[in-house]
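Trainee: Got a predicted structure here, sequence first:
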Amino acid sequence: MSIFDVTISYFKNVGAVQPVQVSLRSFLTSQKHRDKIELLRSAKDEHDRKMIKLSLPAATPSCTCSVRNERSVISHSGFIQFDIDNKENPEINNWEELRDWVAKIPEVAYCALSASGEGVWGLVRIQHPDKHKQHFKALEKGFRANGIVIDPLCSDVVRLRFYSFDENARFNENAFILTRIVEPQKTVDHSYHPAKNAKGDRQKVEAAIKQITENKVDITDNYKDWWMMAAAFKNSFGENDARKYYHAISRFHPNYDPRETDRQFDNVLRHDYNIDLSIFLARCKEYGIKIFGSITSNDVETKTNGPVDVNPGNNAYQTDGSTQQFPRVNIKPEQYNLEYIKTIGELAEYVELNGTADLTKQQMIHVGDYFSQMNPSYTQLTKAFELEYGEPVPMKYVQF
């Protein structure tokens, strides 16, 4: 019996309410709508592509359900889906190559091109279906450790997957079962209270946006933080001003699209996320945007030594684990030793040239954080960390 001989719910199109039950294998291997997929991939007009896609059937690969919401789940299929597209990964342009690379991950049971042909999706078997979201968090961290961002919406057990056809889809009947889970961290309620500090926070946000605009700084390169900042603005300033601020910080991204930005903001409006302005503050601080005073209850001041440097990763490491902004020091490769290094970016370059043998444990953690944001090759560092210290790298650096 195939691992794909499990039941899932199938909808004749995205607007259908009542599903029928089919096998996962039949959904993955059917060629019934192959002509529509070929038409979609060859269409040049964006409107035509959208209409063709909306006419495709869809399924919930992770479950069967009576209607498509979590309260109506009947049974879990034992699979969790992931989706990789160019919105979160604009640097990827060879999707067939990515599909074949992802298919080599031992936990990936299925991997194929998405309906548009401009993305990759796949399935992973999980050990605890009742911990779907916790498994997804582990999956998300594993991909990020390899330089790939997966769509966070796939954490939804009833997430729809459009039909697709890929004659070179990869099946692995012997895929490992994903056992790792990541439990949600306990968080302190940082609910925003407009009546108390709305005026002061608005002044700080607008002052930060002024610096972002003057220096043309993109603080939205991380997809998750991008939509979280939309939620923070909405919770703090209401729809109209929040949308204005959201466009102001988004427009310096190389792939900025006003319509896509509006779509993302509209999606956030439909949900109630408990996110405050501290996420915006953190992104500003990371990119050298000076914000004096407090956006939340604790006073925070971004200190600079000299002119602001807007290069990401330009945080100096400190022995106590804290970070502070410094202007970048240009050091010639032959001068690279730990005595000269001032920033995490330079520490990363040192590692690329000389390896990790001379680094302290704290330095390895700092540079690992840099690589996780800037360079997928940092997985080499995580292996070195485990060999050197005999313990796992902190969970945010986990890899497959």
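Mentor: Alright, I've got the coordinates.

Trainee: contacts, neighbours, all on C-alpha from now
Mentor: Fine.

Trainee: Where do the helices of this protein begin and end?
Mentor: Here the chain has its helices, by DSSP state H, at 24-29, 34-42, 46-54, 95-102, 132-145, 194-215, 223-237, 239-250, 258-269, 278-286, 344-354, 361-374, 379-389.

Trainee: Stretch 22-33: which residues count as buried?
Mentor: 22, 23, 24, 27, 28 (16 or more other Cα atoms under 10 Å).

Trainee: could you dump those residues to JSON lines with pLDDT and distance to residue 155?
Mentor: Below are these laid out as JSON lines (pLDDT from 0 to 100; distance: Cα to Cα, whole Å):
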{"residue": "22", "pLDDT": "97", "distance to residue 155": "22"}
{"residue": "23", "pLDDT": "97", "distance to residue 155": "21"}
{"residue": "24", "pLDDT": "98", "distance to residue 155": "18"}
{"residue": "27", "pLDDT": "97", "distance to residue 155": "20"}
{"residue": "28", "pLDDT": "98", "distance to residue 155": "20"}
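
Trainee: Pull the most distant pair out of those residues.
Mentor: Of all pairs drawn from these, the greatest distance, 10.7 Å, lies between 22 and 28 (Cα to Cα).

Trainee: For stretch 125-139, measure first residue to last.
Mentor: Distance across stretch 125-139, first residue to last, is 11 Å (Cα to Cα, to the nearest Å).

Trainee: who's in contact with that stretch?
Mentor: Stretch 125-139 has contacts (Cα atoms under 8 Å, 6 or more residues apart in numbering) with 76-80, 107-109, 154-157, 175-184.

Trainee: how close does the residue nearest to residue 258 when sequence neighbours are not counted sit to residue 86?
Mentor: Leaving aside its sequence neighbours, residue 258 sits nearest to residue 247 (Cα to Cα, 6 or more residues apart in numbering; 7.3 Å). Separation of residue 247 from residue 86 (Cα to Cα): 20 Å.

Trainee: if we can go back for a sec, tabulate the helices of the chain (CSV), appending distance to residue 170.
Mentor: Shown next, in CSV, are the helices of the chain (distance: least, Cα to Cα, whole Å):
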stretch, distance to residue 170
helix 24-29, 11
helix 34-42, 17
helix 46-54, 23
helix 95-102, 8
helix 132-145, 18
helix 194-215, 44
helix 223-237, 27
helix 239-250, 36
helix 258-269, 31
helix 278-286, 38
helix 344-354, 34
helix 361-374, 28
helix 379-389, 25
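
Trainee: Let me know which of those is the nearest to residue 69.
Mentor: helix 132-145 (14.4 Å).

Trainee: I'd like the average pLDDT over that closest one.
Mentor: The average pLDDT within helix 132-145 is 91.

Trainee: between it and helix 95-102, how big is the angle?
Mentor: Calculated by axes from the mean of the first three to the mean of the last three Cα atoms, to 10 degrees, helix 132-145 forms an angle of 110 degrees with helix 95-102.

Trainee: and the closest residue to residue 23 other than its chain neighbours, what is it in contact with?
Mentor: Leaving aside its sequence neighbours, residue 23 sits nearest to residue 7 (Cα to Cα, 6+ apart; 4.5 Å). For residue 7, the contacting residues are 21, 22, 23, 24, 63, 64, 77, by Cα under 8 Å, 6+ apart.

Trainee: Save those as a markdown table, and put in distance to residue 124 too.
Mentor: Output for these, formatted as a markdown table (distance: Cα to Cα, whole Å):
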| residue | distance to residue 124 |
| --- | --- |
| 21 | 20 |
| 22 | 19 |
| 23 | 16 |
| 24 | 13 |
| 63 | 13 |
| 64 | 17 |
| 77 | 11 |
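
Trainee: quick one: which of these is nearest to residue 95?
Mentor: Looking at the contacts of residue 7 and their distance to residue 95, the nearest is residue 24, at 23.2 Å (Cα to Cα).

Trainee: Surely that closest one is in contact with residue 3?
Mentor: No. Residue 24 lies out of contact with residue 3 (Cα atoms under 8 Å); the separation is 9.2 Å.

Trainee: give me the number of residues near the spatially closest residue to residue 172 that is not a sequence neighbour?
Mentor: Spatial nearest neighbour of residue 172, chain neighbours left out: residue 109 (4.6 Å); criterion: Cα to Cα, 6+ apart. Residues lying near residue 109 (other Cα atoms under 10 Å) number 23.
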